[in-house]
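Novice: One predicted model, sequence on top.
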Amino acid sequence: MHFVVGRLSSGAAATQAFDADGAAVGDLIRHADDAALAGFVRHSSVVSPAARWVWDDTARWYPRLLRHGVRVARCHDLRLAHAILRLSTLAASSALAKSPHGVWDAAAEVERPPTAHTTLFDVDVDPADDGADVPTDDVDETVAEWRRHLDAVRGSSAPGRLRLLLAAESAGALIAVEMRAAGLPWSVDRHDAVLTEAVGPRPPVGARPARMHDLVLAIRAALDDSTLNPDSPQELLRSLRRSGINASSTSQWELREIEHPVIEPLLEYKKLARLLSANGWSWMEAWIVDGRFRPDYVPGGAATGRWATNGGGALQLPKQVRSAVRADPGWKLVVADAAQLEPRILAALSADTAMAAAGRGTDLYAGIQATGVVETRAHAKVAMLGAMYGATTGESGRLLPRLARAYPRAIALVEDAARTGERGESVTSWLGRSSPLPPPSWFDVQSLASAPDASESDERRARSSAREWGRFTRNFVVQSTAAEWALCWMAELRTALMALPTGTDSDSHGAQASPGPLAGTVFDGRPHQVFFLHDEIVVHTPAPLADAVAEQVRLAAESAGRLLFGAFPVDFPLGAAVVDDYAEAK
DNA sequence: TCCGTGGTACTA
DNA sequence: AAACTAGTACCACGGA
């Protein structure tokens, strides 16, 4: 059963039941308010446990359901699905792909409002409530767009793959909203301790902490520059040169190589300055509310299908502060990451049985080294990364031919992807996500170079931009398929966790809700995902369920491998740990 | 004072 | 000094 969710012209929410072919099997039902809508969803989910909720934007509809205590098992996010179908080469002949760009394409680029100040006071801020007209949630338009999706998938060259991709992408959208609602458990005390340990006690606003102040004095003394501000790269570079240091930049990779008394305090200062400006006390005050970090996750935010985030720098949580991510009392964190995900994905994509075998039951890089293709694990790693990123120089470029001899299928796949991109064509992931085409300016550069009067520099420029795009498409096939695996992993896990019993007895005692940030929410007593970073997840779980959760995490990874690659013999082993804080894991 | 850009550094 | 993929976000700086 499918239920379409949209709005009537009056602004009221409405739902209607459909069969899998898009034929109505029920009447349009108007819901007086969010509570009524949530009640309807709750009831329908009991009657039809396999129901799929079809709506324009999960980020718009799902928070209000969660707020009323209702989770949904499955959805179809029209905005995200549209973006995939628009570009997918598998559905290139569909009406959707051939239609001019419209509101469904614009919606994907719509500004998502939540940033520090709104999230501080309203974590469930609704992008639709900003007063702007958003036509995609009109119920008739929603039904029409969904039917265009059904047509595009049915008429595609691989309906099964696309269906899986759209289901996985939509499951990701549900998870993103749930992670934001639950939040990443964060100990401000521990965070404060990390900062104080590094730089000294928190100073008044505008002042440098004690440790950094001392370092500035040492830097100024070493450079004989009593007013130098080391936060200014321009000033710093001038000062370094006056002291006879011939640096071209102030970046640490370059400074590291220089022998001079200023280098040690300077590198130390830069490290602390980074910590403070990226994740210091003011970050903590802006982003940690009631012991939770709630960034805005953006599924499909990168062209490859990887997620992006807005606010708080959730994609760059430094290892230094991860000890502040702490389970609530009586709870645990289950931290898991997929080991060498991308090369394993490449092995499966290319049906390279030799490479798959190298990773079976072991670290894949160690497995490659063990077959004698290269001398060390480090060489295996740098060569594999180089193959997937398109390295041509250095150690990685030198090792590539040996990799190509041992694993011709895998290397041929990424080389083909690179050549396709260099021609300005698109490449496609395993499940059907296709890369965007280069911008018009790219084609201009190419045609300029093929004109009869093209100069040497025209040709150089064209070659370089062609190779650059080729590196993107080379990596796209691997990174996008890895992102698909991760979505399937999370979706399988979410289903398994929802079926687990609760870990506390607060539910059975009704009014006796457990204290703490989760009391009264849909996550109370239940394991729930709280973080995701490309190939790594964190689940927050009642302690008694932690081992069961860890087992489900492993089973979900196996399921994801089978969902994508069937019986092809490739492993997706995990590193998994049950811990109290994030820094304890690996 | 506001806004865009360059430089830097952190993540997988 | 660039490079070998994908991101976010800070600061300083200079021009409107």
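Specialist: That came through fine. Numbers count the residues shown, from 1 in each chain, chains lettered A, B, ... in the order given.
Novice: Can you classify the closest residue to residue A:518 other than its chain neighbours as helix, strand or coil?
Specialist: Closest residue to residue A:518 apart from its sequence neighbours, by CB to CB, 6 or more residues apart in numbering: residue A:524 at 4.7 Å. Quick note: C-beta positions are derived from backbone N, CA and C, even for glycine. Under DSSP: H, G, I helix; E, B strand; the rest coil, the three-state class of residue A:524 is coil.
Novice: And residue A:229, by the same measure?
Specialist: Applying three-state DSSP: residue A:229 is coil.
Novice: phi, psi of it?
Specialist: Main-chain torsions, residue A:229, degrees, to the nearest 10: phi -100, psi 110.
Novice: how about it, what does it touch?
Specialist: Under the criterion of CB atoms under 8 Å, 6 or more residues apart in numbering, the contact list for residue A:229 reads A:235, A:236.
Novice: mind checking how far it is from residue A:3?
Specialist: 60 Å (CB to CB, to the nearest Å).
Novice: Which positions in chain A make contact with DNA strand B?
Specialist: Residues of chain A lying near DNA strand B by CB under 7 Å from any atom of the strand: A:233, A:237, A:249-253, A:270-271, A:274, A:278, A:315-320, A:337, A:533-536.
Novice: which of these are buried?
Specialist: Buried members of the residues of chain A next to DNA strand B, counted by 16 or more other CB atoms under 10 Å: A:250, A:270, A:317, A:320, A:337, A:533, A:534, A:535, A:536.
Novice: mind checking pLDDT for residue A:515?
Specialist: Residue A:515 is assigned a predicted lDDT (pLDDT) of 71.
Novice: What residue in chain A comes nearest to DNA strand C?
Specialist: As assessed by CB to the nearest atom of the strand, DNA strand C sits closest to residue A:248 within chain A, at 1.6 Å.
Novice: count of neighbours near that residue?
Specialist: Residues within reach of residue A:248, counting by other CB atoms under 10 Å, total 8.
Novice: That one touches residue A:255, doesn't it?
Specialist: No: at 10.8 Å, residue A:248 and residue A:255 do not qualify as touching, with contact defined as CB atoms under 8 Å.
Novice: wait, what's in contact with the residue nearest to residue A:135 when sequence neighbours are not counted?
Specialist: Spatially, and ignoring its direct neighbours in sequence, residue A:135 is nearest to residue A:103 (5.3 Å; CB to CB, 6+ apart). Neighbouring residues of residue A:103 by CB under 8 Å, 6+ apart: A:135, A:136, A:141.
Novice: who are the neighbours in contact with residue A:284?
Specialist: By CB under 8 Å, 6+ apart, residue A:284 lies in contact with A:188, A:191, A:192.
Novice: element containing it?
Specialist: Per DSSP states H and E, residue A:284 falls inside helix A:281-287.
Novice: if you look at the longest helix belonging to chain A, does any of it touch DNA strand C?
Specialist: When chain A is parsed with DSSP state H, its longest helix is helix A:456-499. Yes: Helix A:456-499 reaches DNA strand C (CB under 7 Å from any atom of the strand) through A:468, A:471, A:472, A:475, A:479.
Novice: So how do I select the buried members of those residues in ChimeraX?
Specialist: Buried residues within the residues of helix A:456-499 next to DNA strand C, by 16+ other CB under 10 Å, are selected in ChimeraX with:
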select /A:471,472,475,479
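Novice: quick one: residue A:26 from residue A:402, how far?
Specialist: Per CB to CB, residue A:26 is found 62 Å from residue A:402.
Novice: Residue A:477 - how many residues pack around it?
Specialist: Residue A:477, neighbours per other CB under 10 Å, totals 28.
Novice: ok, now which ones touch the closest residue to it other than its chain neighbours?
Specialist: Spatial nearest neighbour of residue A:477, chain neighbours left out: residue A:417 (4.6 Å); criterion: CB to CB, 6+ apart. Taking CB under 8 Å, 6+ apart, we find residue A:417 in contact with A:427, A:470, A:473, A:474, A:476, A:477.
Novice: again with residue A:34
Specialist: A:13, A:64, A:65, A:67, A:68.
Novice: Assign a three-state SS to the third one, would you?
Specialist: Put simply, residue A:65 is helix when judged by three-state DSSP.
Novice: my guess is it meets residue A:44, correct?
Specialist: No: assessed by CB under 8 Å, residue A:65 is found out of contact with residue A:44, at 11.6 Å.
Novice: Now find how far off-centre stretch A:214-232 is within its chain.
Specialist: On the basis of CA atoms, centre = their mean, to the nearest Å, stretch A:214-232 is displaced by 39 Å from the centre of the chain it belongs to.
Novice: for stretch A:307-314, same thing?
Specialist: Distance, centroid of stretch A:307-314 to centroid of chain: 9 Å (CA atoms, centre = their mean).
Novice: Run the contact check for that stretch versus DNA strand C.
Specialist: Yes: judged by CB under 7 Å from any atom of the strand, stretch A:307-314 comes into contact with DNA strand C at A:308, A:309, A:310, A:311, A:312, A:313, A:314.
Novice: out of the contacts of residue A:103, which is most surrounded?
Specialist: The contacts of residue A:103, ranked by neighbours (other CB under 10 Å): first place residue A:136, 23 neighbours.
Novice: was I right about that one contacting residue A:144?
Specialist: No: Residue A:136 is beyond contact range of residue A:144, at 10.6 Å (criterion: CB under 8 Å).
Novice: residues in contact with residue A:225?
Specialist: A:239, A:242, A:243.
Novice: Counting neighbours, which of the residues you listed end up buried?
Specialist: Using 16+ other CB under 10 Å as the burial test, these include residue A:239 as buried.
Novice: which one of residue A:26 and residue A:402 has more residues nearby?
Specialist: Neighbours per residue (other CB under 10 Å) separate residue A:26 from residue A:402, with residue A:402 holding more: 17 against 13.
Novice: any weak-confidence spans in chain A?
Specialist: Low-confidence segments of chain A (pLDDT under 70): A:107-134, A:504-514.
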